[in-house]
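build me a model from this:
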Amino acid sequence: LTPAVCLFSKVLIKIGYIDLPMIVQGLGFDGVDLSCEPGGHVPPDKADYNLMPALEAFTGIGLDVPMLTTALTAPNNDAEQVLGLATYIGVPFFRPGHWKCAGPPAVQMQLPMVQRDIFTLAQLGRATKIAMGIHNYLDGAEGAAVADIDRVIRPIDPQWVGYDFDIAYATMEGGEAGFPAPLALALPRL
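Sure, this is the predicted structure:
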């Protein structure tokens, strides 16, 4: 069994979610990572009306929606609504947003709040049966260094929190020879 090859929907943001499934299928993809974030195909404040029709547009023609990319960084009404609706279609994964940290010493003060938010989002994911994959993203975000985020998520059940590992960002963070170590650390939770 091979994994589905999916397109991140935001790369085709000018195409509405009603027309997008046929294009994704025509391009030969197995499915889509649906952008459910501000500026995405389904903004979270419109999820109550648009998320189910968007998901059904893909699944109705046989395409997978194995992941939602979100901007969720805290358990709030948007998180409950987006994950609650996605569970009906059986979306197994979501990617949260990025926690921006201001740098030392602010990082040390922000880290407990980030850890609390990740733990609570993981609980919500568990309740809705949708696992969270944290993206190793640059630009001052917590999680850019896999080793840093590993310390935060280590106590959380790996069934509900893992990595959405991006080899390009890992290479940018650690250089050409610098991505094997973060990949090895992330692999058990990939």
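
so where's this structure uncertain?
Screening the chain residue by residue with the criterion pLDDT under 70, one finds the ranges 101-109, 138-144.

same for the longest helix along it, what does it pack against?
What stands out as the longest helix in the chain, according to DSSP state H, is helix 106-128. Judged by 3 or more CB pairs under 8 Å, 6 or more residues apart in numbering; DSSP states H and E, the packing partners of helix 106-128 are helix 77-89, strand 99-100, strand 131-135, strand 141-142, helix 146-153, strand 161-164. Just so you know, the C-beta spots here come from the backbone N, C-alpha and C atoms, and that holds for glycine as well.

Ala122: which of these is closest?
Shortest separation from Ala122 across the helices and strands packed on helix 106-128 is recorded for strand 161-164, at 4.7 Å, computed as CB to CB.

how about the following helix or strand past the closest one as PDB, C-alpha atoms only?
Sequence-wise, the next helix or strand beyond strand 161-164 is helix 167-174, with elements assigned using DSSP states H and E. Once side chains and other backbone atoms are set aside, the C-alpha atoms of helix 167-174 remain, and they are given as PDB (Å, rounded to 0.1, in the frame of the first residue of the first chain):
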ATOM      1  CA  ILE A 167      12.800  18.500   4.400                       C
ATOM      2  CA  ALA A 168      13.300  21.800   2.700                       C
ATOM      3  CA  TYR A 169      12.800  23.800   5.900                       C
ATOM      4  CA  ALA A 170      15.000  21.300   7.800                       C
ATOM      5  CA  THR A 171      17.700  21.900   5.200                       C
ATOM      6  CA  MET A 172      17.300  25.700   5.500                       C
ATOM      7  CA  GLU A 173      17.500  25.400   9.300                       C
ATOM      8  CA  GLY A 174      20.500  23.000   9.400                       C
END
